[in-house]
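K.L.:
Build me a model from this:
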Amino acid sequence: MQHIPHAFIGDQAFINGFQLKQEIHSILKQQNLRNLGSSSTAVDQASILLQYNDLRDPPDEDVLTKIETYRNSLSNEMRENACRNLNIWYLSWMQIFEKKFDQTIQNITKDLFGIDITNEFLVKQHRKGLTNVAVLKWLILSLVGVPVPENLAHKIRLVIDFYKQYRHMINVENVEKYKSDTKNGEKVSEDCDVVIGFELKFWPRVALNRLAYLKRHNKRVYNIVKNSPVYIIPKSSERNVSRYEASFDFRFSFSAAEEKLAQSRSKIENKLNEVARKVYYLYLRQNESKHDHYIRSYFIKTCVLWLCA
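P.N.:
Residues are numbered from 1 along each chain as shown. The predicted structure is shown next:
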């Protein structure tokens, strides 16, 4: 508890969630390796918002000529050294891949999304990963003049032929805009939300009645969500409190249970969700800058999820 910002009221310690967000926000800004355009957090904001503005290199229209010039400048010894070094790199990658890929994918999906992936999906991703590494190897070798295997070359030609056949369907205005944006390097914007949460070892009292209802009336859903973790996230409520008091506010997050509910929806329930989203965005959603009071999308999402339950 000592390393987490907190304050004592009497003999009880309370976590200062807003100060914790500020400290993590500061660390993210200091240790960030990408070009961070802006970032923010607030006492009434659940996440730390990071907005990246990475500079993308403009397209090089002379790249094929430069590759040919580079190939012609290589001696046989240089070409052999390049092939040997690249094959060593490839074998090393394959060894790492075979040993670590499956476990890494499982850990990432578990940590980020809280789900266990199926063996079928894992096998598919494993095969796709092996293919990507092999394709990368041959594309790099082609830079030093090693022919691409005929099977791969045939697939590449199919992709190019498909592009040539259907490129007339490309929106020309978008292409011209892209050329204009990338003439001197394009800034690629990307938003990232970082949410801090503490996992509870119990379901809160406010949800116990609903959990008991599911146990009695919908065993299937109850068995799906009963072991889902519940989190508390630092975000102030809308009740009228001082900024200091708001710094200690937390909200429950049932995102893990909601995710499992969403994954278990039937086709009809998915249709219900789709209809609810369309109704919301067509008729209920308001411009935040003009209206302080409007129906939030997560209310609709929660209603649909519990209707499905």
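K.L.:
which residues of the stretch 1-150 of the chain fall in helices?
P.N.:
Per DSSP state H, counting those that start in this stretch, the stretch 1-150 of the chain carries helices over the ranges 17-31, 63-73, 76-113, 119-143, 150-166.
K.L.:
now, of those helices, which is deepest in the fold?
P.N.:
Mean neighbours per residue, mean count of other Cβ atoms under 10 Å, is largest over the helices of the stretch 1-150 of the chain for helix 17-31, with a mean of 16. The C-beta positions use only the backbone N, C-alpha and C, and glycine is treated the same way.
K.L.:
Show me what that one is packed up against.
P.N.:
Contacts defined by 3 or more Cβ pairs under 8 Å, 6 or more residues apart in numbering; DSSP states H and E place helix 17-31 against strand 36-40, strand 47-56, strand 230-234.
K.L.:
Could you check the angle it makes with strand 36-40?
P.N.:
170 degrees (axes from the mean of the first three to the mean of the last three Cα atoms, to 10 degrees).
K.L.:
now helix 17-31: mean pLDDT?
P.N.:
For helix 17-31, the mean per-residue pLDDT is 87.
K.L.:
how much distance is there from it to the middle of the chain?
P.N.:
Chain-centre distance of helix 17-31: 20 Å, with Cα atoms, centre = their mean, to the nearest Å.
K.L.:
What lies in contact with it?
P.N.:
Residues outside helix 17-31 that contact it (Cβ atoms under 8 Å, 6 or more residues apart in numbering): 4-5, 36, 39, 41, 43, 48, 50, 194, 196, 233-236, 246-250.
K.L.:
repeat for stretch 129-138
P.N.:
By Cβ under 8 Å, 6+ apart, stretch 129-138 touches L86, Y90, W93, M94, F97, F101, V146, V148, P149, L152.
K.L.:
Go through those residues and name the one nearest P229.
P.N.:
F101 (26.6 Å; Cβ to Cβ).
K.L.:
Excluding sequence neighbours, find me the nearest residue to that closest one.
P.N.:
Distance criterion Cβ to Cβ, 6 or more residues apart in numbering; nearest residue to F101, sequence neighbours excluded, is G129 at 5.7 Å.
K.L.:
rewinding a little: which of the helices of the stretch 1-150 of the chain has the lowest mean pLDDT?
P.N.:
With a mean of 79, helix 76-113 has the lowest mean pLDDT of the helices of the stretch 1-150 of the chain.
K.L.:
about what we covered before: just so I know, which of the helices of the stretch 1-150 of the chain lies nearest E259?
P.N.:
Closest to E259 of these, according to Cβ to Cβ: helix 76-113, at 7.1 Å.
K.L.:
Quick check: which helices or strands does the strand or helix carrying A212 pack against?
P.N.:
Element membership for A212, per DSSP states H and E: helix 205-217. The elements that helix 205-217 packs onto, with contact taken as 3+ Cβ pairs under 8 Å, 6+ apart, are helix 219-225.
K.L.:
ok, back up a step: Throw the helices of the stretch 1-150 of the chain into a markdown table and include distance to Y298, thanks.
P.N.:
Formatted as a markdown table, the helices of the stretch 1-150 of the chain follow (distance: least, Cβ to Cβ, whole Å):
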| stretch | distance to Y298 |
| --- | --- |
| helix 17-31 | 19 |
| helix 63-73 | 47 |
| helix 76-113 | 18 |
| helix 119-143 | 28 |
| helix 150-166 | 40 |
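K.L.:
Go through these and name the closest to L284.
P.N.:
Per Cβ to Cβ, nearest to L284 of the helices of the stretch 1-150 of the chain: helix 76-113, 28.1 Å.
K.L.:
That closest one: how far from the chain's middle?
P.N.:
How far helix 76-113 lies from its chain's middle: 23 Å, per Cα atoms, centre = their mean.
K.L.:
Stretch 74-92 now?
P.N.:
36 Å.
K.L.:
next one: stretch 249-260
P.N.:
Chain-centre distance of stretch 249-260: 18 Å, with Cα atoms, centre = their mean.
K.L.:
before we move on, the earlier item: buried sites along the helix holding A212?
P.N.:
Across helix 205-217, burial judged by 16 or more other Cβ atoms under 10 Å covers L214.
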